[in-house]
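**Student:** The following block contains a protein sequence and its predicted model.
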Amino acid sequence: MNPKQVAIITGASRGIGRAISLALASEGYDIAAIARTSDSECMLSLQPEIEALGAQFFPIGLDVAHTNLHDEAISSILDRYGRIDLLINNAGIAPIERKDLLDLDEETFDRVLSVNLRGPVFLARRVAREMIWLKDQVKDYRPSIMFVTSFLAYTSFTNGVDVCISKAGLSMAALVFADRLSEEGINVYEIRPGLIKTELTSRSKYKFDRLITEGLIPQKRWGTPEDVAKAVASLARGDWAFSAGTIFEVSGGMNIQSI
Ligand code: NAP
């Protein structure tokens, strides 16, 4: 049994997931990092950064949409560490071409839903079952699951209806998991980022720069992956142990409605 806590982070290779991985390594977690390929340049460069923080790094190649491969990935983590303390369901995509609602195609819709919603739900179910079993095996066990959703869970974006629907669904998944798993001693939280400067948003950078200048974000700046990672680290430390099911908004106030 690994003496240290073990965190699984999906979408760990870059952006928000990478910052979360580094923050959790600083908090004393060993890191099981999931991305579609385990040996991409991003994953290879993350390893020394994690190890420099005194944590172990275990890269896993898994497309989270492929639920038939979840078992193998989770088993490999348990074989190596004997425990899983934290799951961060962070991996998510936007379609390559943003289409108007009236041009939405089924193939793209299915792909976005399977990566952003179906995959995370079944990964959480798989890990939750292990956590319930591990409760009696691991001393001082404080398991937790976090779902990274989006401001698009409550904001209409007619060129991103697939992402909006997937994130609204994931938000409800976080609530239902929190409800069911609280009685098992597993705390579930939703992390809801606003506009965060990553590769995902780089395609629309100029548009968002303009919207931020025009007042879209009350705090008047882009969010950084580190802004999100700090919220996750605070939850992972156990600072919010009596707040199961809470939504942690990291959006500079995009959630504020004003007149
Ligand atoms: P990103 O920079 O595009 O990074 C996405 C990460 O997910 C990468 O590590 C990517 O690695 C991995 N990934 C993509 N598809 C995957 C799949 N099918 N299976 C496993 N891993 C996969 O995105 P980000 O901005 O950091 O976003 C992270 C999460 O935050 C997403 O869920 C996103 O919806 C959410 N979010 C982001 C923003 C924002 O403004 N950036 C706002 C709200 C919510 P590989 O390509 O190597 O697989």
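**Tutor:** It's in.

**Student:** buried stuff in the helix or strand containing V127?
**Tutor:** In this structure, V127 sits in helix 119-134 according to DSSP states H and E. Within helix 119-134, the residues that count as buried by 16 or more other Cβ atoms under 10 Å are G119, P120, V121, F122, L123, A124, R126, V127, A128, E130, M131, L134. Any C-beta I mention is one placed from the backbone N, CA and C, and that applies to glycine too.

**Student:** Who are the packing partners of it?
**Tutor:** Helices and strands touching helix 119-134, by 3 or more Cβ pairs under 8 Å, 6 or more residues apart in numbering; DSSP states H and E, are strand 6-10, helix 70-81, strand 86-89, strand 144-148, helix 161-182.

**Student:** now these as CSV including mean neighbour count?
**Tutor:** Listed next are the helices and strands packed on helix 119-134 as CSV, based on neighbours: other Cβ atoms under 10 Å:
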stretch, mean neighbour count
strand 6-10, 27
helix 70-81, 15
strand 86-89, 28
strand 144-148, 26
helix 161-182, 20
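
**Student:** Need these in TSV (columns: distance to the ligand).
**Tutor:** Formatted as TSV, the helices and strands packed on helix 119-134 follow (distance: least, Cβ to the nearest ligand atom, whole Å):
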stretch	distance to the ligand
strand 6-10	6
helix 70-81	10
strand 86-89	8
strand 144-148	5
helix 161-182	7
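
**Student:** Output the ones you listed in a markdown table; the columns should cover distance to I196 and mean pLDDT.
**Tutor:** Converted to a markdown table, the helices and strands packed on helix 119-134 look like this (distance: least, Cβ to Cβ, whole Å; pLDDT from 0 to 100):
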| stretch | distance to I196 | mean pLDDT |
| --- | --- | --- |
| strand 6-10 | 15 | 98 |
| helix 70-81 | 26 | 98 |
| strand 86-89 | 15 | 98 |
| strand 144-148 | 10 | 98 |
| helix 161-182 | 14 | 98 |
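
**Student:** quick check, stretch 18-35 touching the ligand?
**Tutor:** Yes. Stretch 18-35 reaches the ligand (Cβ under 6 Å from any ligand atom) through I34, A35.

**Student:** List the buried residues of that stretch.
**Tutor:** Going by neighbour count (16+ other Cβ under 10 Å), the buried part of stretch 18-35 is 18-25, 27, 29-35.

**Student:** How about stretch 195-203?
**Tutor:** Neighbour counts over stretch 195-203 (16+ other Cβ under 10 Å) mark L195, I196, K197, T198, T201 as buried.

**Student:** can you narrow the residues you listed to ones near the ligand?
**Tutor:** L195, I196, T198, T201.

**Student:** Run through the residues that contact the second one.
**Tutor:** Contact criterion Cβ atoms under 8 Å, 6 or more residues apart in numbering gives G15, I16, W222, G223, T224, P225, D227, V228, V250 as the residues in contact with I196.

**Student:** can you give me the helices in the chain?
**Tutor:** Assigned by DSSP state H, the chain shows helices spanning 15-26, 41-51, 70-81, 106-113, 119-134, 161-182, 199-202, 205-213, 225-236.

**Student:** Which residues of the stretch 151-259 of the chain lie near the ligand?
**Tutor:** So the stretch 151-259 of the chain meets the ligand at P193, L195, I196, T198, E199, L200, T201 (Cβ under 6 Å from any ligand atom).

**Student:** quick one: which two of the ones next to the ligand among the buried residues of stretch 195-203 are the most distant?
**Tutor:** Greatest spatial distance among those (Cβ to Cβ): L195 and T198, at 9.7 Å.

**Student:** and S150, what is it in contact with?
**Tutor:** Counted by Cβ under 8 Å, 6+ apart, S150 has contacts G92, V163, K167, R192, P193.

**Student:** Report the separation between the residue of the stretch 51-200 of the chain found nearest the ligand and P193.
**Tutor:** Proximity of the stretch 51-200 of the chain to the ligand (Cβ to the nearest ligand atom) peaks at G92, 2.1 Å away. Distance, G92 to P193, by Cβ to Cβ, to the nearest Å: 10 Å.

**Student:** Overlap in contacts, the two.
**Tutor:** Residues touching both G92 and P193 by Cβ under 8 Å, 6+ apart: V148, S150.
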